[in-house]
Structure formats: C-alpha cells, structure tokens
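*Asks:* Got a predicted structure here, sequence first:
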Amino acid sequence: MAGKGMRDIKRRIKSVNSTKQITKAMELVSSAKLRKAREKLDRTRPYFYTVKNTMSEIAENIENIHSDYFEGAREIKKSCFIVITADGGLCGGYNTNVMKEALLHMRGKEEVSVIAIGQKGRDFFKKRGYKINGEYINVIEKITFKDAKSISSLVIKLYKDREFDEVYLVYTDFVSTITQKPEVIRLLPLSGFNKTEEKGSETVQNNNFEMISYEPSPEDLFNYLVPSYVESLIFGGLVSSSASEQGARRIAMENATDNAVEMIDKLTLNYNRARQAAITQEISEIVGGAEALK
C-alpha cells in the first residue's frame, strides 16, 4: 500500500512540475509583451491628452454651437457600450472586472447594446442575450490605429443613424504592473469638458483658455473633429487595456508558478515521509522475521 501511495505522489509531483514549467514560460512571454505594451502606452498617452485638451478648449470657447454630438441634442433612450476584454483567459480577474464594471453601468438603462472588442466579452454578452452591434476579435494583441479608426467609424455611423443615443467606452486603465483599474467614460454625446494636462504621472487642471476664431465655422470644425476625438479615446483605451491584460497575466502566471513550487515542496515532503515509513516497515518486518527464527 505504501508503494502505491508513493507512486501516486511521484506522479502528481511530475504533473505539477510540468504545469510549473508552462506557467513560468507564460510568465516570461507576458513580461516581454508587457514591456512592448508599456512602451506603446507611454508613446500614446501624450497624444491622448493633447487631443482631449484640444477638444476641451474648442468646446469651452465655442458659444451657441448646435451639434448632434452635444448632450441635449436628442432624448437618450438607447445606450451602447464598447467593452474591451481579452481574447483568452489565464489573466486573473482582468476580464471579470471589466465585465462587472460594464454591467454596473448598464443598470437602469432603457435599452442596451454592445460593441465587443475581445472574444471573452463577446461570448459573455452574447450568452446573456445582449444585442451585439459589432465584434472585433484578435485586435488587442497587435493594436494599430487602423483598428481604432474602424471601430470609431462604426460608432459614428450607428450614432448618426440613431441606432443608439449615447455610447460608453469600458476599458482597463494601466496604473502599474500590479494595479489595473476598470474605467467607464462616455464618448458621445459630449457634455462638459474638464481640461487636463499630463505632467509625468500627475494630472493638473488648467482653465486658461485663449479666445480663438474658427473657419469655416465652429459647427463644421467641431463636427469634423469629433470622429478624430472618438478615434483617439478608443485607441488610448485599446493600448491601455493591452498593457493591463499583459500585466494581469504576468502576475497571474507568477502566482501560479509560486503555488506550483509550494505544492511540489509539500508533495516532496509527503513523498519522503511515505518513503521513510515504507523503509521503517521493511526494517520492522526483517527484525520480526529474524526474531521468529530464533
């Protein structure tokens, strides 16, 4: 019986060790991808803030503008949520946290539809019967501005066609390697802007606007810039979510590897105890046999 137990423990140690090798490899891959994603995020954030601040300045300085993109231009009955998730799992609570945040903001809305970016989000909302206005799979791994432009074009078209009256972007803000925070921002319609400027990791308020004259007209310029503004926010959300996904996966795989090491240590201890017990039993049997021969 002891021999059978030892074989089971040895087999389990081998299985856990194989799992540890896989999780360690995935941790190294995620670390490499995270470095690239963070470099892209660092390059993208200044552009994101510049576009946001430019739109803020234009909106604050234009008076009596009439645009379908502004809050109050139409009654809000139908809402759309652009939800950015991963295409795969093994990244801790990353996907779950994003979808929970989306569901939280969907409460109380009259009619809700979804534009899903990532397979996990698409499957989640399809299974629950939500209307899917668009789905984008395998774009989060290798993000390009072309992807953001494609998504933005769909959003603007459906908004103009009154398929929905407001649209939100649900993404994960990359705070640090170990901290990722789900965020929800409203893309359309535009309400009050809050001008911000980025200085390192800090965000400061700046209300010193200059009076600007616009040609051919403020309305034409504003309607021309809004699609670019939406593209930029979606692209920023994609890049931030990509970095957050790799950070979450790296931490999840690091924890899995540590747990595997701990489990192997415990199993090895149990194996040694079982082996010692088997040796002791054999010695006892030999001694007992020798005594019987006397």
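*Replies:* In hand now; what should we look at? Numbers count the residues shown, from 1 in each chain.
*Asks:* mind listing the strands for the stretch 101-250 of the chain?
*Replies:* 111-117, 131-136, 166-176, 179-188, 196-199, 202-205 (DSSP state E, counting those that start in this stretch).
*Asks:* Among those, which comes closest to residue 222?
*Replies:* strand 179-188 (12.7 Å; C-beta to C-beta). Heads up, the C-betas are built off the backbone N, CA and C, glycines and all.
*Asks:* Where is the longest helix in the protein?
*Replies:* helix 218-293 (DSSP state H).
*Asks:* Does anything pack onto that helix? Which helices or strands?
*Replies:* helix 2-61, strand 78-84, helix 94-106, helix 145-160, strand 166-176, strand 179-188 (3 or more C-beta pairs under 8 Å, 6 or more residues apart in numbering; DSSP states H and E).
*Asks:* Residue 170 versus the nearest residue to residue 136 once chain neighbours are set aside, what's the distance?
*Replies:* With sequence-adjacent residues excluded and distances taken as C-beta to C-beta, 6 or more residues apart in numbering, residue 136 is closest to residue 117, at 4.7 Å. Taking C-beta to C-beta, to the nearest Å as the measure, residue 117 falls 9 Å from residue 170.
*Asks:* hang on, the earlier thing: how about the strands of the stretch 101-250 of the chain in JSON lines, adding distance to residue 85 and mean pLDDT?
*Replies:* Output for the strands of the stretch 101-250 of the chain, formatted as JSON lines (distance: least, C-beta to C-beta, whole Å; pLDDT from 0 to 100):
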{"stretch": "strand 111-117", "distance to residue 85": "7", "mean pLDDT": "96"}
{"stretch": "strand 131-136", "distance to residue 85": "11", "mean pLDDT": "96"}
{"stretch": "strand 166-176", "distance to residue 85": "9", "mean pLDDT": "94"}
{"stretch": "strand 179-188", "distance to residue 85": "10", "mean pLDDT": "92"}
{"stretch": "strand 196-199", "distance to residue 85": "26", "mean pLDDT": "46"}
{"stretch": "strand 202-205", "distance to residue 85": "26", "mean pLDDT": "43"}
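*Asks:* Adding mean neighbour count and distance to residue 226, write those out as TSV.
*Replies:* Formatted as TSV, the strands of the stretch 101-250 of the chain follow (neighbours: other C-beta atoms under 10 Å; distance: least, C-beta to C-beta, whole Å):
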stretch	mean neighbour count	distance to residue 226
strand 111-117	22	17
strand 131-136	16	19
strand 166-176	21	12
strand 179-188	18	8
strand 196-199	13	19
strand 202-205	9	23
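*Asks:* My guess is residue 230 contacts residue 186. True?
*Replies:* No: Residue 230 is beyond contact range of residue 186, at 11.1 Å (criterion: C-beta atoms under 8 Å).
*Asks:* mind showing which ranges of the stretch 101-250 of the chain have poor pLDDT?
*Replies:* Where the stretch 101-250 of the chain drops to pLDDT under 70, the residues are 192-218.
*Asks:* Out of the helices and strands packed on helix 218-293, which gets nearest to residue 282?
*Replies:* Nearest of the helices and strands packed on helix 218-293 (C-beta to C-beta): helix 2-61, 9.2 Å.
*Asks:* Who are the packing partners of the closest one?
*Replies:* strand 196-199, helix 218-293.
*Asks:* and residue 117, bridged to which residues?
*Replies:* Counting by DSSP bridges, residue 117 forms beta bridges with residue 84, residue 136.
*Asks:* likewise residue 79?
*Replies:* residue 112, residue 166.
*Asks:* Please name the residues that touch the closest residue to residue 222 other than its chain neighbours.
*Replies:* Nearest residue to residue 222, sequence neighbours excluded (C-beta to C-beta, 6+ apart): residue 67, at 5.6 Å. Neighbour list for residue 67: 73, 219, 222-223, 226 [criterion: C-beta atoms under 8 Å, 6 or more residues apart in numbering].
*Asks:* Buried subset of these as a PyMOL selection?
*Replies:* In PyMOL, this line selects whichever of the contacts of residue 67 come out buried by 16 or more other C-beta atoms under 10 Å:
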select buried, resi 222+226
